[in-house]
Each structure stands twice: as structure tokens, then as C-alpha cells.
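Asks: This is the structure alone, sequence omitted:
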Ligand code: NAP
Ligand code: HSE
């Protein structure tokens, strides 16, 4: 083992914190030989010391005073693995102000406060590392910051939430509803403490904001992300997808249009070809496809959530921190102080009339003459062209029936107005459910933004 002693403080000892402790402790000797440094978890902060843990730990290491861990002079690397944006913000800020290297898996914190936290790190000579915040165990942040450094990016498409992909996969394979599967995703350690962050698409949106920053240097407000979750996806959607060669996936898109400098960031349930690189990724796995001008497309697949995959990413940051501590200052090696030097200030969020896609619309309508004509007339008035209409045969006495239409290419503006008009019809019950259809690979349907 090396001579240099590195002390790590863990703030949070839940799903991720215990995994990090377990793997670091079990591989301490090996890592020591590889790095020439002895990495030791010196202190661990939790909310409730009396809670039973899955992983054995010396109780004297545990405290309920997480701020004292963040500012402890003996601690070199502080890992914030608690979640939330309250106390977590204070811990990360205090540790950075103390000049420490901070590792976090907290994408909500980065989305809301990434800009100021990176500035604080820069000001005080510390570093903020966040590999585990996107893609679970997939080293996608390292890929963008290091492996793809020479590239300008046109597009990043990704399945970024393991919980949702796990739920959608089991809905498709077993015909269950999302509520039935959510409990299992929680037990497996995939879901956030507040699971609405997962199923409402917010967690994936936090991650999309981080990716947009890394790729383009612009922090997007969460409100600017086109956002929908999976709570309205039902078996009719899943069956339609299957019957037509698609899969329903919650997909984040980050895309930049060069001519107009428009930036499009969305997280939506989307119909994608089952045979595409994202359509075939199932279960807790995440997949991220990145289009660079030099390299072309690269695709990264791996477990997007859970104790072990996430620990793998956190530990890679701890190892980077150790290298920074051993080999010296910010110039020592990646990551640079500012991981996204590209100036994104000139980018503007794409307007709905600039965003193009095909769409799927499902609605529940009255089973009576003239309804189809009313719907067709609304589509015509918004210049939205029908690609298909599907209605299962029902008896004459059925009051209502499900109607699914798909459209040819149109704009986000036109489909929003169309769906709004349809929802206002007396013959349509509630608000129609809409999803984009993305036929990856067909050039005309490859991009959201037109040049
Ligand atoms: P978790 O299982 O809920 O663990 C949270 C830990 O933080 C617990 O040990 C808890 O203490 C501690 N904690 C919470 N509030 C605290 C407070 N006010 N004071 C002191 N300690 C406090 O969460 P997790 O799944 O490990 O997630 C942690 C972070 O990693 C989150 O930001 C999450 O988004 C992110 N992340 C998670 C995954 C995943 O697959 N789970 C993947 C990537 C990123 P007690 O144990 O005493 O309650
Ligand atoms: N709840 C998150 C997910 C954890 O399911 O993807 C990983 O960030």
C-alpha cells in the first residue's frame, strides 16, 4: 500500500453510501497498490445512528453531524450521498469553501445549484466531481469531458432513469400497471427517496440538464425542459407500440441547432423502434447515444441505478480525487476546474414552432356518428396530417371507445394546439395522451430541430 493517506468522509450511508463503503473497504489493499495511496473511509454521517445497516461498520465512525464531516480538517474528500437540495447544498458548499474535493451523486443538486457550486469550487481551489449523477455506473461524464473532448455535439439521446425503464420493461413483458411495479423498484434501491421524481420524469430531467451543461456549457432551467413522466402510459400504449414494432421508453433528448443556436432539452415517453439502440435497452439499464462531429455516434449502455453500479461511479470520482491530491493542482489531469469550457451563453431554448416530430395521440371518445369527423376537422385546421387511425371494434351499445392516431411530421406547437382543441371537444373524455414517435436512423426524422 502507498505512503500517502487519503481520508474520505461519507455524508449519507443509504443505498449508495453503503455500497461505496463496502467496495472501497474490500478493495482497499488493491487500490492502495494501484494508486500508491491508502484510501480510508474516516467518517460517515447519517440522519439516524440507531438504524440497522446492511453493511458492517465500526460504530465509532458514524455521526449524525454531517456538517462536521464536511469541514473536518482531517478529511480530504467529502462524498455527498444524501440527496435533496437543502442540507446537501450546505454540506457541499462548506466542503468546497474549505478547499476540499467533493464527490456527489446528487443530480437534483447539480441541476438547481451546479453553476454556483462549480464557481465555488473554482474560487477555493477545490473540485466538484459528479460521475454518478448521470447514467448510474456508466462513465458517461468522463466520456464527454475526456474521451470526446475534440467533438462538437449535435445530439445526446438517452434513457436516463433506471426506475422508469425497469417499470416500462415489466409493463411490456408482464402486462402489469406501473403502480404494481414501482414498489419493487424501490425495494431494489433504484427509486429516489421521493419516487415521484422518477415517474414524473424529473430525475431524468435533472440528468438531462447536467448533460446539456457538459455538452454545450449552458445551464438549462428545469422549467425550460419539455417534461412528461410515465404515469399516463398504460397497456394500450404498450400494446400499440409492440404491434407496430416500437417500444415505449422515457427518453431524454438534448439537441443543438447550429444555424439558429436553438437548444432543445426534453424528457418524454417516446415511441422508438424496438430494434434501435435505445429501443432494445431493458430493465434498470440506461443507454446514452452521443453524436459528435468528429467521432460520429457513440453509445453507452449499463446499469443506471442501484447500489453497486452507482458505487462504481462514485469510487471512480474518489480515485480521480486521489490522483488530484497526489499529482497536484488543477492542471494535474482531468477534470479541469470548469468541465464545460464551451461557451453556451449564446444558446436559446428552442421555440415550439422550431421543434419537429411525428406524434402518437390516444384519447377516449364517444361511440357515436360524427366524432371521427370532428377530430379530423381539428387536425385539418392545425395542418396536422394523419398517418394512421386505430380503433378496436366495439358493440353498438358501448358508450366510449379508445382511439389512437399517429401523425406525420409536424411541429410541437401544432400538436399542442391540436391536443388542446381535441380535449375541448365534448366527444373526447379528458385530455388526450401524447407521445412523440422517433424513427432513429431515418434521416428526415433524426433531428428535432431543422436547419
Ligand atoms: P438513501 O438510500 O435514501 O440514503 C440517503 C442517506 O442520507 C441515508 O443514509 C440517510 O441517513 C442520509 N441522510 C438523509 N438526510 C439526512 C440528513 N438530514 N442528515 C444526515 N443524513 C441524512 O439514498 P440513496 O439511494 O443512497 O441516494 C443518495 C444520493 O445518490 C441521492 O442524491 C440520489 O439521487 C443519488 N443516486 C442514487 C442512485 C441509486 O440508485 N440509489 C443512483 C445514482 C444517484 P439514514 O440512513 O440515517 O436515514
Ligand atoms: N432513481 C434513479 C434512477 C437513480 O432510477 O435512475 C439513479 O440516478
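Replies: That came in fine, so what should we check first? Note that the structure is a prediction, hence the values are computed from the model and not measured. Ligands and ions are numbered 1, 2, ... in the order given.
Asks: low pLDDT regions in the stretch 251-400 of the chain?
Replies: Applying pLDDT under 70 to the stretch 251-400 of the chain flags the ranges 328-341.
Asks: ranges for the strands of it?
Replies: Under the criterion DSSP state E, counting those that start in this stretch, strands of the stretch 251-400 of the chain are mapped to 262-273, 285-292, 296-303, 348-349, 356-366, 386-391, 400-407.
Asks: Could you list every helix and strand that the last one packs against?
Replies: If contacts are counted by 3 or more Cβ pairs under 8 Å, 6 or more residues apart in numbering; DSSP states H and E, strand 400-407 sits against helix 235-243, strand 356-366, helix 371-381, strand 386-391. Where C-beta positions appear, they are placed from N, C-alpha and C, glycine not excepted.
Asks: redo that, cut-off 6 Å
Replies: strand 356-366, strand 386-391 (3 or more Cβ pairs under 6 Å, 6 or more residues apart in numbering; DSSP states H and E).
Asks: Quick check: which of those strands is buried the most?
Replies: strand 356-366 (a mean of 21; mean count of other Cβ atoms under 10 Å).
Asks: which strands and helices sit next to that one?
Replies: Against strand 356-366 (3+ Cβ pairs under 6 Å, 6+ apart) you get strand 400-407, strand 428-437.
Asks: now that strand and strand 386-391, what's the angle there?
Replies: Calculated by axes from the mean of the first three to the mean of the last three Cα atoms, to 10 degrees, strand 356-366 forms an angle of 30 degrees with strand 386-391.
Asks: Of all the helices and strands packed on strand 356-366, which one comes closest to residue 126?
Replies: strand 428-437 (40.8 Å; Cβ to Cβ).
Asks: For burial, what's the neighbour tally of the closest residue to ligand 1 within the stretch 1-150 of the chain?
Replies: Closest contact between the stretch 1-150 of the chain and ligand 1, by Cβ to the nearest ligand atom, is at residue 14 (1.9 Å). Neighbour count of residue 14, defined by other Cβ atoms under 10 Å: 18.
Asks: try the one 4 residues further on
Replies: Taking other Cβ under 10 Å as the neighbour definition, residue 18 ends up with a count of 22.
Asks: what sits against it?
Replies: 54-55 (Cβ atoms under 6 Å, 6 or more residues apart in numbering).
Asks: Now do it against residue 86, distance only.
Replies: 22 Å (Cβ to Cβ, to the nearest Å).
Asks: Tell me which stretches of the stretch 101-250 of the chain form helices.
Replies: 107-124, 140-142, 162-174, 178-187, 196-199, 202-216, 235-243 (DSSP state H, counting those that start in this stretch).
Asks: So which bits of the last one are buried?
Replies: Counting neighbours by 16 or more other Cβ atoms under 10 Å, one finds that the buried residues in helix 235-243 are 237-238, 240-241.
Asks: And the furthest pair within those residues?
Replies: Going by Cβ to Cβ, the pair spanning the buried residues of helix 235-243 furthest: 238 and 240, at 7.4 Å.
Asks: how does this structure divide into domains?
Replies: 4-136+307-339, 140-303, 352-445 (automatic domain parsing).
Asks: who wins for proximity to ligand 2 among the ones you listed?
Replies: Nearest to ligand 2, of the domains of the chain and by Cβ to the nearest ligand atom, is domain 140-303 at 3.4 Å.
Asks: now the end-to-end length of the closest one.
Replies: 12 Å (Cα to Cα, to the nearest Å).
Asks: And for residue 215, nearest residue in space, chain neighbours not counted?
Replies: residue 153 (4.3 Å; Cβ to Cβ, 6 or more residues apart in numbering).
Asks: Now for the one you found, how many residues are close by?
Replies: 21.
Asks: Residue 53 versus that one, what's the distance?
Replies: For residue 153, the distance to residue 53 - Cβ to Cβ - is 41 Å.
Asks: for residue 121, same thing?
Replies: 31 Å.
Asks: Can you pick out the residue with more neighbours from these two?
Replies: residue 121 (25 against 15).
Asks: right, and the more buried one touches residue 96 too?
Replies: Yes: counting by Cβ atoms under 6 Å, residue 96 is a contact partner of residue 121 at 4.9 Å.
Asks: okay, the strands of the stretch 251-400 of the chain in CSV with distance to ligand 2 next?
Replies: Shown next, in CSV, are these (distance: least, Cβ to the nearest ligand atom, whole Å):
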stretch, distance to ligand 2
strand 262-273, 12
strand 285-292, 7
strand 296-303, 9
strand 348-349, 24
strand 356-366, 24
strand 386-391, 32
strand 400-407, 28
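Asks: so which of those strands gets nearest residue 174?
Replies: strand 285-292 (17.3 Å).
Asks: what about that closest one and ligand 1, touching?
Replies: No: against ligand 1, strand 285-292 shows no contacts by Cβ under 6 Å from any ligand atom, the least distance being 10.2 Å.
Asks: what's that strand packed up against?
Replies: strand 153-159, strand 296-303.
Asks: do that again at 8 Å, thanks
Replies: strand 153-159, helix 162-174, strand 296-303.
Asks: I'd like these written out as JSON lines, with distance to residue 101 added.
Replies: Below are the helices and strands packed on strand 285-292 laid out as JSON lines (distance: least, Cβ to Cβ, whole Å):
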{"stretch": "strand 153-159", "distance to residue 101": "27"}
{"stretch": "helix 162-174", "distance to residue 101": "27"}
{"stretch": "strand 296-303", "distance to residue 101": "25"}
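Asks: nearest to residue 406, of these?
Replies: helix 162-174 (18.7 Å).
Asks: Show me what that closest one is packed up against.
Replies: By 3+ Cβ pairs under 8 Å, 6+ apart, helix 162-174 packs against helix 178-187, helix 196-199, helix 235-243, strand 246-257, strand 285-292.
Asks: at 10 Å instead, please
Replies: helix 178-187, helix 196-199, helix 202-216, helix 235-243, strand 246-257, strand 262-273, strand 285-292 (3 or more Cβ pairs under 10 Å, 6 or more residues apart in numbering; DSSP states H and E).
Asks: want to try TSV for the strands of the stretch 251-400 of the chain, with distance to residue 131 as columns?
Replies: What follows is the strands of the stretch 251-400 of the chain, written out as TSV (distance: least, Cβ to Cβ, whole Å):
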stretch	distance to residue 131
strand 262-273	20
strand 285-292	13
strand 296-303	12
strand 348-349	27
strand 356-366	31
strand 386-391	41
strand 400-407	39
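Asks: Residue 271: what's it in contact with?
Replies: 237, 240-241, 244-249, 251, 279, 358-360, 406, 435-439 (Cβ atoms under 10 Å, 6 or more residues apart in numbering).
Asks: May I see the PyMOL selection of the buried members of the residues you listed?
Replies: Per 16+ other Cβ under 10 Å, the buried members of the contacts of residue 271 correspond to this PyMOL selection:
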select buried, resi 237+240+241+244+246+247+248+249+251+279+358+359+360+406+435+436+437+438+439
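Asks: anything in the longest helix belonging to the chain near ligand 1?
Replies: For the chain, the helix with the greatest residue count under DSSP state H is helix 307-327. Yes: for helix 307-327, a contact with ligand 1 is found by Cβ under 6 Å from any ligand atom, at residue 310.
Asks: Brilliant, that's me finished.
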